[in-house]
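A.B. asks: Provided below are the primary sequence and the corresponding predicted coordinates.
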Amino acid sequence: MKNSKVAKTVIIVVILAVIILGYYYYMGHRTRKQIAEEPVVATMVQSLLMRDLEHNYPPTPKEVVKYYAEITECFYNETYSEEELVQLANKIQQLYDAELVANKTQEQYMQDLREDIVEMKGDQLSIASYEVSASTDVEYFDQGEYSCARLYCTFYLRRTGNSSRVASLERFLLRKDEDGHWKILGWELVED
C-alpha cells in the first residue's frame, strides 16, 4: 500500500512536469515562429542606408547612376530625420569622384543640399520616376590616364496635385578611381 502511494505520487509529479515543460516548449516555439513570420519592413531611406558600398559598390556606370537616382529620389520624396539626411548625403558622396567632393566643404555641401530640398518641396515637386540609359548606350572613352563613361538619366518630376510629368534630362560623366570603381565626376542638365 505504501509503495502504491509513492508510485502514484511519482507518476502524478512526472505527468505534471511533462505538462509544464510541454507548455513552455510550445510557448517558446510559438513566439519565435510568430516573430519569424512577421517581416521587418524597412523604409526606402533605411534600405538605401543599409547598402555597404565598401563591399558592395555598384559594378557599372549605369548602376552607380541608378543608386545616385534612388538616393536623389529619397531626398525629394521621402520623410527622414536630420541624422538620416546626413547619412544619405554621406552615402551619395561615396559615389562622387574625389575631385568633385573637393569642390565644396562638407558644411557647404550640406547647406546647398538642404536649400535644394526646401526649394523642390516648396515648389511642391517630387520625382515621380527616373530612367537611366541602357547599358548599351553608355559611352566609354579614355581621357588621359583615366577610363571614363558618359550616360544619361531622365528624372520625371511631378507637381503635387497634378498627374502630368515633366522630364529633366541630365548627362553624367564618370571615371574609374584607383580601386576600379566608377565615380561620378559631374553632371549637367541637358537643354532641349
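C.D. replies: Sure thing, it's come through.
A.B. asks: where does the prediction get shaky in the chain?
C.D. replies: 1-3, 30-38, 40, 192 (pLDDT under 70).
A.B. asks: ok now do the residue positioned nearest the centre of the chain, which residues does it touch?
C.D. replies: Nearest residue to the geometric centre of the chain (CA atoms, centre = their mean): residue 48, 0.9 Å. If you count contacts by CB atoms under 8 Å, 6 or more residues apart in numbering, residue 48 has them with 67, 70-71, 74, 88, 91. All C-beta spots, glycine's among them, are computed from the backbone N, C-alpha and C.
A.B. asks: nearest to residue 58, of these?
C.D. replies: residue 67 (5.3 Å; CB to CB).
A.B. asks: packing partners of the helix or strand hosting that closest one?
C.D. replies: Using DSSP states H and E, residue 67 sits in helix 61-77. Packed against helix 61-77 by the contact rule (3 or more CB pairs under 8 Å, 6 or more residues apart in numbering; DSSP states H and E) you find helix 44-49, helix 82-93, helix 106-122, strand 125-132, strand 146-159, strand 165-176, strand 182-189.
A.B. asks: nearest to residue 14, of these?
C.D. replies: helix 44-49 (50.7 Å).
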